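A.B. asks: Got a predicted structure plus its sequence, pasted below:
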Amino acid sequence: NGFASSPTRSFIARHWHITYTLILINVVVYGLQQIIPFRWVYNLGAMSGPSVHRGEYYRLITHGFLHSQNDPMHLVWNMINLFIYGVSLERMMGRWKFLLVYLGSIVFGAFGVYILAPGTNVVGASGGLFGLMGSFMTLLIIMKQKDTARIFALITAANVIYSLLTPSNISHACHAGGFVGGVLLTLLFVPFVKKPEPSQSPQQSPQQWQNGRY
């Protein structure tokens with residue numbers, strides 16, 4: 001039995017990502033938003049400048065796991081983007097560094113709202129997602145991945161255009177704060193970041209690592 005269970009644990013450890021857990025949490029929380037009446041989950045966890053000022057600091061992070069009460073597509077598009085950016089960045093940065101960048105970007109997004117739009121209530125993973133975009137951009141610049149950078153530029157441009165053309169229910173302050181947070185937090189982890197390793201590629205030597213070959 002011990003011999004049979006080891007490969008199973010190894011497979012899960014290799015193929016299950018923090019990104020999947022974050023998506024699952026968002027989906028479960030959205031389900032609770034629909035089940036629990038009187039918008040209680042939404043009202044309790046939304047980012048609100050006045051509420052944070054009163055000491056409800058948990059809102060700095062909880063708003064990033066809530067979504068528009070009446071628009072399921074808000075959740076769907078955010079989770080698609082979280083999957084696209086999350087899995088790649090998690091492989092590049094490592095699970096826990098990635099998680100710190102993502103959660104930290106959510107908090108930075110909340111600070112963006114607190115400073116630039118304190119009278120608004122905000123929910124959504126967008127601050128964290130824009131943080132991942134900022135993180136990815138930072139890594140591409142550092143690693144000089146020109147072809148990937150072109151693709152990323154198109155995706156980012158599409159997201160920015162969509163954000164600007166969408167009605168006023170988009171929190172640009174949250175997006176800006178999250179993006180800045182993703183850049184700054186990634187710069188802290190640059191010495192610990194590496195390129196995703198192809199399944200058949202040889203491992204890098206310590207000398208290659210010290211020479212900056214990510």
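C.D. replies: In hand now; what should we look at?

A.B. asks: buried sites along stretch 175-193?
C.D. replies: Neighbour-count burial for stretch 175-193 flags 175-186, 189, 193 (criterion: 16 or more other CB atoms under 10 Å). Every C-beta, even on glycine, is put in place using the N, C-alpha and C of the backbone.

A.B. asks: Redo those as a markdown table? Include secondary structure, pLDDT and distance to residue 155.
C.D. replies: Output for those, formatted as a markdown table (DSSP: H, G, I helix; E, B strand; the rest coil; pLDDT from 0 to 100; distance: CB to CB, whole Å):
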| residue | secondary structure | pLDDT | distance to residue 155 |
| --- | --- | --- | --- |
| 175 | helix | 93 | 15 |
| 176 | helix | 91 | 18 |
| 177 | helix | 96 | 20 |
| 178 | helix | 96 | 16 |
| 179 | helix | 93 | 14 |
| 180 | helix | 95 | 19 |
| 181 | helix | 97 | 19 |
| 182 | helix | 96 | 15 |
| 183 | helix | 93 | 17 |
| 184 | helix | 96 | 21 |
| 185 | helix | 96 | 20 |
| 186 | helix | 95 | 17 |
| 189 | helix | 84 | 22 |
| 193 | coil | 63 | 20 |
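
A.B. asks: Return the distance of whichever strand or helix holds residue 75 from the chain's centre.
C.D. replies: Element membership of residue 75, judged by DSSP states H and E, is helix 72-93. Its chain's average C-alpha position is 7 Å from that of helix 72-93, according to CA atoms, centre = their mean, to the nearest Å.

A.B. asks: contacting residues around it?
C.D. replies: Contact with helix 72-93 is made by 17-19, 22-23, 26-27, 30, 67-68, 98, 101-102, 124-126, 128-129, 132-133, 135-136, 139, 159, 186, 189, 192-196, as judged by CB atoms under 8 Å, 6 or more residues apart in numbering.

A.B. asks: Filter these down to the ones in helices?
C.D. replies: Secondary structure from DSSP state H places 18-19, 22-23, 26-27, 30, 98, 101-102, 126, 128-129, 132-133, 135-136, 139, 159, 186, 189 of the contacts of helix 72-93 in helices.
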